[in-house]
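Asker: Just the structure for this:
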Amino acid sequence: MKDKMTKKDYYVMLKEIAEGNDELVAFIEKEIASIEAKAEKAKARAAEKRAAGDELRDAVQSVLTEELQTIDTITSQVEGEEITKAKVTARLTQLVKAGIAEKADVKTDDNKTVKAYKLA
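Answerer: Okay, the predicted model is just below:
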């Protein structure tokens, strides 16, 4: 299947067609530069978000012990304003994939099975 053409690809094609028309070429070059700048800013924002996520992952890892703990227990121990169960679960999954933590099923008092985590 043919690769999908991007907006930048179309502008490059138009630039080749418009050779000789300086105003149009200048406009197209400006649009291409704008697209590239926007992509650069998006990369910077993504890197910033990853770094913030790494801080939360470190906080979750510091709470883990050699004993199994449920997600609710871990979430209550992690300090921060916007800490949610979903964010903690995502970081725990990353730690398990990295081999830093282990997960297992645990029965609760009301006979439900929940996931619990500990250091590997």
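
Asker: Next, the residue of the chain positioned farthest from its centre: phi, psi?
Answerer: In the chain, the residue that sits farthest from the middle, by C-alpha atoms, centre = their mean, is Gly20; the gap is 44.5 Å. Dihedral angles of Gly20 (phi, psi; degrees, to the nearest 10) stand at phi 110, psi -30.

Asker: Going by secondary structure, the residue nearest to the spatial centre of the chain is in what exactly?
Answerer: With distances taken as C-alpha atoms, centre = their mean, Arg50 lies nearest the centre of the chain, 5.8 Å away. Using DSSP states H and E, Arg50 falls within helix 22-63.

Asker: Check Lys115 too.
Answerer: In this structure, Lys115 sits in strand 113-119 according to DSSP H and E.

Asker: Next secondary structure after the helix holding Arg50?
Answerer: Using DSSP H and E, the helix or strand that follows helix 22-63 towards the C-terminus is strand 69-70.

Asker: Tell me the strands beside that following strand, with direction?
Answerer: strand 113-119 (antiparallel) (DSSP bridges).

Asker: and the angle from the strand holding Lys115 to helix 22-63?
Answerer: Strand 113-119 and helix 22-63 are oriented at 90 degrees to each other (axes from the mean of the first three to the mean of the last three C-alpha atoms, to 10 degrees).

Asker: What residues sit buried inside strand 113-119?
Answerer: Ala116, Tyr117 (16 or more other C-beta atoms under 10 Å). No exception for glycine: its C-beta is placed from N, CA and C like everyone else's.

Asker: Tell me how far that strand lies from the chain's centre.
Answerer: Centre-to-centre, strand 113-119 and its host chain are 23 Å apart (C-alpha atoms, centre = their mean, to the nearest Å).

Asker: and Gly53, what pLDDT?
Answerer: The per-residue pLDDT reported for Gly53 equals 62.

Asker: what sits up against stretch 46-60?
Answerer: By C-beta atoms under 8 Å, 6 or more residues apart in numbering, the residues outside stretch 46-60 that reach it are Ile74, Val78, Glu79, Gly80, Ile83, Lys87, Val88, Arg91, Leu92, Gln94, Leu95.
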